[in-house]
Structure formats: C-alpha cells, structure tokens
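Visitor: got a predicted structure plus its sequence, pasted below:
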Amino acid sequence: MANIIVRKSGPLKGRVRINGAKNAVLPIIAATLLAEGKSVIQGVPNLRDVHVISDLLRHLGAYVKYENDTLTVDASNIVNFEAPYDLVRKMRASFLVMGPLLARFKISKISMPGGCAIGTRPIDLHLKGFRALGCDVDIDHGFVEARCETLVGTKIYLDFPSVGATENIMMAAVLAKGTTIIENAAEEPEIVDLANFLNKMGANVKGAGTNTIKIVGVDKLHGANHTVIPDRIEAGTYMVAAAITKGDILVENVLLDHLKPVIAKLREVGCQIYEMENAVRVIGPKEIKAVDIKTLPHPGFPTDMQAQFMALLTIANGTSVVIETVFENRFMHVQELNRMGASITIEGRSAVVKGCKNLQGAKVNATDLRAGAALILAGLVAEGETIIGQTYHIDRGYVNIEENFRSLGANIERIHE
Ligand SMILES: CC(=O)N[C@H]1[C@@H](OP(=O)(O)OP(=O)(O)OC[C@H]2O[C@@H](n3ccc(=O)[nH]c3=O)[C@H](O)[C@@H]2O)O[C@H](CO)[C@@H](O)[C@@H]1O
Ligand SMILES: C=C(OP(=O)(O)O)C(=O)O
C-alpha cells in the first residue's frame, strides 16, 4: 500500500508534457482484436489501465509488447473469447473487447462490469446495440454472453450519448453486413481517435465527432499504425494546478480544440490563458472567482474534470454550484474535501461550494481516479500535510504524477508502507 503525501507548495511554475489519452488508447487497444496482423500504437501512456487491457488481450491469445510508449499487438491467434471477472473488475473498459470479438468471431463472454464509486454504470446501451445488430445476448451467472450468425447493419438510437456504447457498437459494426447508423452517438474526441484508427485498419466509418455515425461494413480489416491523441483530462488537471496555486504552467502536447470548456471555465475563474500551437500557458489569478459548472457530454464541460474544478472552487471568493449530469453519484470527493476544511453541501445532483480562506491538510482517500487528482490539487494549497490513500486509483490515469508535480515545484512524495 502506498500513500501520496502533499505539503503546501508555493505557486507551481514550469512546463509539463502531456501523455497519450487513456480514454482514447483503451478502445484502440480493444480494436486491434478486429484483425489478423500487427498493429503499432504510439504515444501509449504507461498507466495501470493500459497494462490491464494488455493482460486481457494476452489472456485472449494476442501477442502484446509495450516498450517506450509504443504498444505492438498481434491478434492473429485469438484462442479465447472470454474475459474473466478479475480483469473486468480492475477496469470497466475491459468490456470494450466485446464489440471487436463479436465482429470478428461472432461470440464473446465477458464478466458483467459492476458499478463503481462514481455510479452504477449500466451497460444496457451496449447490449441494445449488439442485439440490434443481430446478436443473442444473455446475462448468466454474472457474465454477458453474446453470439450471432452474422452481424447485420441497422439504425441504432442511443437513449444517452454513452461513450463506451458508441465505441463498442462502432467496433461491432465495422465488419457487419451493410450499413449501421448510430444516432445520438457520443461526440467525444476519443470517439474520433478510435474512428480514425478503425479507418486506418480498413474500416469505413464516417461522422465520428458528430451525433450521427455511419459505418459501412467491410469484409476484412488489417493491422494499422496510429499515434494516440493527447490526454485532455491530464492536461486539464495541470491547468487547474496552475490556477489553484496561482502559478504559471506551460502545458505541452495538447489539442486546444479538446480543451475549450476547460479553458473557458479557467478564464471565468480569472486565469490568464495563452493558447499556442500545441501548448497552453495558464497563469493563475490573484483571486479565484466562484463559477458555476454543469457537466455534460462533449462538447460540454467534461465530468472527468469536475472533481479537480471542485477542489479549485473550495478556495474561491464566493459560492459556486457544480451540477453533475453525466454520472448519478460522482461526488465521493466532496466528503474528503470537507475533511480538509472545505464547505460543500450536496443537494441531489448539485454541490454547493462555499469558498473558504484556507484548506487544512488531512488524511484522505482517493475514492476514484479524478477524486485522487482533486485531493492532490487541494493538498498543494492546504496548510500542513495531506496524506492520500488508495493511490492505485490515481495510477489508472496519471503517468509519473509525483515527478511531474515535483518538477513544477510541488512538495509531493509517495511513501510505500
Ligand atoms: C474509459 C473511458 O473512456 N471512460 C470514460 C467514459 O466512460 P463510459 O464509457 O463508461 O461512460 P458513458 O458515456 O458510457 O456513461 C455516461 C452515462 O451513461 C450511462 N450509461 C452508459 C452506458 C449504458 O449502457 N447505459 C447507461 O445508462 C452511465 O451510467 C453514465 O451515467 O466516458 C465517461 C463520460 O465522459 C468518462 O467519465 C469516462 O472517463
Ligand atoms: C471515470 C474515468 O475512467 P473509467 O471510465 O475508466 O472509470 C475517468 O477517466 O475519469
């Protein structure tokens, strides 16, 4: 077990380079299952989730090698179509192998992903899509079992623009007979990156990044090379670090288009933001202004940045309201921030954050990935020492987080018990 210890630090200054996006690379790795032959993916972040999905692919029979941010996968010899509970339990995105396995082998059995600290996270929309494409889907003894004779393209309307369901259905549809149209599809940049990779494999996917995606099925795909987009949430987290510590950070390797909602809110808070070609400089404000935030599917404000902004707003001048509309229970960080002296009350899907003068260091728990990031941010400005437990959540999504923060001048270390 390890704890991350953060002590009050001055304004963070310097530059930080952003890694490839966790939420883009996971579906792309799953997509390599669609074809025989070798795929080479570059800019792959060295994250716990990447290792979990690599182990899952190996379990299915694929060859997977990770070296210097490059992942090579050869899925020519898949011998197993089942993902066990142990691998799915570690990472819900494991369920993304179902679409590719169905497309290529017409059979798949995946342990049913459970809920997690941020919500119940059902998979009904994924299953609705597979059924619409012609699969029989059963849930039996905690497993989802799906099979079909042939997948046949169709029109699928998603009741909510689910990122995972859009990705899983897209991957199932690329080898289907005929055309599939996904309506009310998720529009996140990670969907576009997956579609680009699928097209490099020989697929015919159009409209990714809009709410209607058209997939014309092809007979066969092949391995492909691809470089993953930068992680907009990792970038956003360091941008908030500049804001909360009143520092000056140059965040490199970003796509500004993906950061619009984060940049807009940081400007409202009072930050000075300079947009460059592949970088953004954030200078924190003298006084942090209270702002209201409502999370929404892309291009709205990302739920994966909600906890980090909440940490920032705890020391704002005034009262902010944060509304979480994407997940029904993504407020676990509130009680931890309150243990540090924040004043936040939850009313349904809203959190009312009364800005306070000072946070105080305390022993807290990273209840999930972004909650962990929020606690580090809070720890940077809290009096004394903040000891963060359950750090494995943080390692799911942040590469070298202590080293990066230390290089910006933070007083942070990891202690192994
Ligand atoms: C690995 C990955 O990319 N994770 C991201 C992905 O998660 P994930 O793909 O799981 O998120 P979804 O977009 O599917 O979930 C959004 C909402 O839809 C609901 N829902 C989803 C599927 C379904 O079949 N039925 C249903 O009701 C969920 O419970 C949730 O309330 O998008 C989320 C929303 O931007 C991000 O927070 C996660 O970081
Ligand atoms: C919620 C997240 O990831 P996941 O969907 O993998 O749990 C996240 O990246 O903030």
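Guide: Yes, it's here. None of these values were measured; they are calculated from a predicted model. Ligands and ions are numbered 1, 2, ... in the order given.
Visitor: drop to CA atoms for contacts and neighbour counts, all remaining ones
Guide: Noted.
Visitor: what's the helix or strand that contains Ala373 packed up against?
Guide: Element membership for Ala373, per DSSP states H and E: helix 369-381. Judged by 3 or more Cα pairs under 8 Å, 6 or more residues apart in numbering; DSSP states H and E, the packing partners of helix 369-381 are strand 2-7, helix 232-244, helix 306-313, helix 332-339, strand 385-389, helix 392-395.
Visitor: can I get the ones you listed in JSON lines with mean neighbour count?
Guide: JSON lines is the format used below for the helices and strands packed on helix 369-381 (neighbours: other Cα atoms under 10 Å):
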{"stretch": "strand 2-7", "mean neighbour count": "21"}
{"stretch": "helix 232-244", "mean neighbour count": "27"}
{"stretch": "helix 306-313", "mean neighbour count": "27"}
{"stretch": "helix 332-339", "mean neighbour count": "20"}
{"stretch": "strand 385-389", "mean neighbour count": "22"}
{"stretch": "helix 392-395", "mean neighbour count": "19"}
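Visitor: of the ones you listed, which approaches ligand 1 most closely?
Guide: Among those, the nearest to ligand 1 by Cα to the nearest ligand atom is helix 232-244 (8.9 Å).
Visitor: how many residues are close by Glu277?
Guide: Residues near Glu277, counting by other Cα atoms under 10 Å, number 10.
Visitor: hmm, back to that, weakest of the helices and strands packed on helix 369-381 in terms of mean pLDDT?
Guide: Of all the helices and strands packed on helix 369-381, mean pLDDT reaches its minimum on helix 392-395 (a mean of 94).
Visitor: so after that one, what's the next helix or strand?
Guide: Scanning forward in sequence from helix 392-395 by DSSP H and E, the next helix or strand is helix 401-407.
Visitor: and the next helix or strand after that following helix, what does it pack against?
Guide: Toward the C-terminus, helix 401-407 is succeeded by strand 411-416 as the next helix or strand (DSSP H and E). In terms of contacts (3+ Cα pairs under 8 Å, 6+ apart), strand 411-416 is packed against strand 2-7, helix 401-407.
Visitor: could you rerun that using 6 Å?
Guide: Secondary-structure packing of strand 411-416 (3 or more Cα pairs under 6 Å, 6 or more residues apart in numbering; DSSP states H and E): strand 2-7.
Visitor: number of nearby residues for the closest residue to ligand 2 within the stretch 251-400 of the chain?
Guide: The stretch 251-400 of the chain approaches ligand 2 most closely through Asp304 (4.5 Å), counting by Cα to the nearest ligand atom. Residues lying near Asp304 (other Cα under 10 Å) number 19.
Visitor: quick one: contacts for it?
Guide: Taking Cα atoms under 6 Å, 6 or more residues apart in numbering, we find Asp304 in contact with no residue.
Visitor: sorry, back to before: which residues are contacting the helix holding Ala373?
Guide: Here helix 369-381 makes contact (Cα under 6 Å, 6+ apart) with 6, 8-9, 307-308, 311, 333, 366, 386, 393-394.
Visitor: could you do stretch 92-100 as well?
Guide: Contacts to stretch 92-100, defined as Cα under 6 Å, 6+ apart, come from residues 30-31, 33-34, 88, 108, 113, 168, 171-172.
Visitor: what about the most centrally placed residue in the chain? Give its phi and psi, please.
Guide: Central residue of the chain (Cα atoms, centre = their mean): Asn23, 4.1 Å from the mean position. Dihedral pair for Asn23: phi -80, psi -10, per degrees, to the nearest 10.
Visitor: how close does it sit to Arg89?
Guide: Noted for Asn23: a distance of 17 Å to Arg89, by Cα to Cα, to the nearest Å.
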